[in-house]
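sequence and predicted model, in that order:
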Amino acid sequence: MGHKMEFTRRGVMLVLASPSGAGKSSISRALFEDDPNIALSVSVTTRARRTDEIEGKHYHFVDVTTFKRMQEDGELLESAQVHGNFYGTPRAKVEERLSSGRDILFDIDYQGTLQLYEKCRADMVTIFILPPSIKELRRRLERRAQDSVGTIEKRLRNARKEMDHYREYDYVLVNEDLEDSTSRVRTILAAARLERSRFLQLDNFVSDLQNQIDSLPKTEG
Ligand code: 5GP
């Protein structure tokens, strides 16, 4: 026979969460670079666009009225208010990607993660990323320099609260070195892709193996 068994698998919902500045975006970027099977779930947000952000790539930027309408119409799989702005995950693309065996990366906070746990725990693998120190976290936030000093302070205070939630995640990584952290995320994703629950044809495959045993000619003794 010599052919390789190929099962169709369901996609992975990979959630990366961390306080702003812990390195989540850099890890995601590195992940996308060499893995065409995973793409970012592009959220809608009411936050103002930063100068380096592209509509439709980083976020869909919407006003509060549009956001509320999407929420009421059930277009969002989860939603939350973070740092005073609204964020949400559009539902439509998620199921389409998962059922065609493609993976999705979610850059969402713990409130959104908890909502997704309620709806689709079996599809999810979640990772919480911590900064190696607060000095480093502040340095990364300042280097980004997109936000005002007040915003940086607000994000630091928010980081403290966000850190309370590390226990709600499957894995925790301390992001000291980008390459090392990215490699760990790749390993987690590789294992998640192999989980039994993703292989929908396994029942049939095993039944078929069993039927083949059942139909073997009976031998005496
Ligand atoms: P930022 O404004 O820095 O892009 O994101 C702020 C926070 O909002 C981050 O912790 C990010 O993970 C979170 N966030 C972004 N999009 C979503 C979303 O669709 N849902 C939820 N619950 N959080 C989000």
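Thanks, I have it. In this text, all values refer to a predicted model and were calculated from it rather than measured experimentally.

please report how far the closest residue to the ligand within the chain lies from residue 118.
In the chain, the residue that lies nearest the ligand is residue 112 (2.4 Å; CB to the nearest ligand atom). The C-beta positions use only the backbone N, C-alpha and C, and glycine is treated the same way. According to CB to CB, to the nearest Å, residue 112 and residue 118 sit 11 Å apart.

show the pLDDT at the residue of the chain closest to the ligand.
Note for residue 112: predicted pLDDT of 96.

mind checking which of residue 112 and residue 118 has more residues around it?
Set residue 112 next to residue 118 and count neighbours by other CB atoms under 10 Å: residue 112 wins out with 23 against 8.

who does the closest residue to the more buried one other than its chain neighbours bridge with?
In space, and not counting its chain neighbours, residue 112 is closest to residue 78: 4.3 Å by CB to CB, 6 or more residues apart in numbering. Beta bridges link residue 78 to residue 89 when assigned by DSSP bridges.

so which bits of the chain are right by the ligand?
20, 43, 47, 78, 80, 82-83, 87-89, 107-109, 111-112 (CB under 6 Å from any ligand atom).

now go through those residues and say which are in strands.
43, 78, 80, 82, 87, 88, 89 (DSSP state E).

out of these, which two sit at the greatest distance?
Maximum pairwise distance in these, criterion CB to CB, is 12.7 Å, between 82 and 89.

okay, these two: which has more neighbours?
Here residue 82 and residue 89 are compared on neighbour count by other CB under 10 Å; more neighbours surround residue 89, at 24 against 18.

is it true that the more buried one touches residue 108?
Yes. Taking contacts as CB atoms under 8 Å, residue 89 lies within contact range of residue 108: 6.5 Å.

and for those two, which residues touch both?
Taking CB atoms under 8 Å, 6 or more residues apart in numbering as the contact rule, the neighbours common to residue 89 and residue 108 are 41, 43, 78, 116.

partners of the second one in the sheet?
With DSSP bridges applied, the residues forming beta bridges to residue 43 are residue 59.

okay, now it: neighbour count?
By the criterion of other CB under 10 Å, residue 43 has 22 neighbours.

so what's it scoring on pLDDT?
Listed pLDDT for residue 43 reads 97.

from here on, call the first residue 196.
Happy to do that; since the first residue is 196 now, the last one works out to residue 238.

returning to what we had before: show the buried residues in the residues of the chain next to the ligand.
Among these, those classed as buried by 16 or more other CB atoms under 10 Å are 215, 238, 242, 273, 275, 277, 282-284, 302-304, 307.

now the residues you listed as TSV including distance to residue 232?
TSV is the format used below for those (distance: CB to CB, whole Å):
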residue	distance to residue 232
215	27
238	20
242	29
273	23
275	27
277	28
282	25
283	24
284	19
302	17
303	20
304	25
307	23
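
what's the closest non-adjacent residue to residue 301?
Among residues not flanking residue 301 along the chain, residue 210 sits closest, at 4.6 Å (CB to CB, 6+ apart).

need the contact list for that neighbour.
300, 301, 303, 308, 311, 319, 320, 321, 322, 364.

of those, the lowest pLDDT goes to which?
Minimum pLDDT for the contacts of residue 210 is recorded at residue 303 (93).

surely it touches residue 272?
No. Taking contacts as CB under 8 Å, residue 303 lies outside contact range of residue 272: 9.7 Å.

thank you kindly, that will do.
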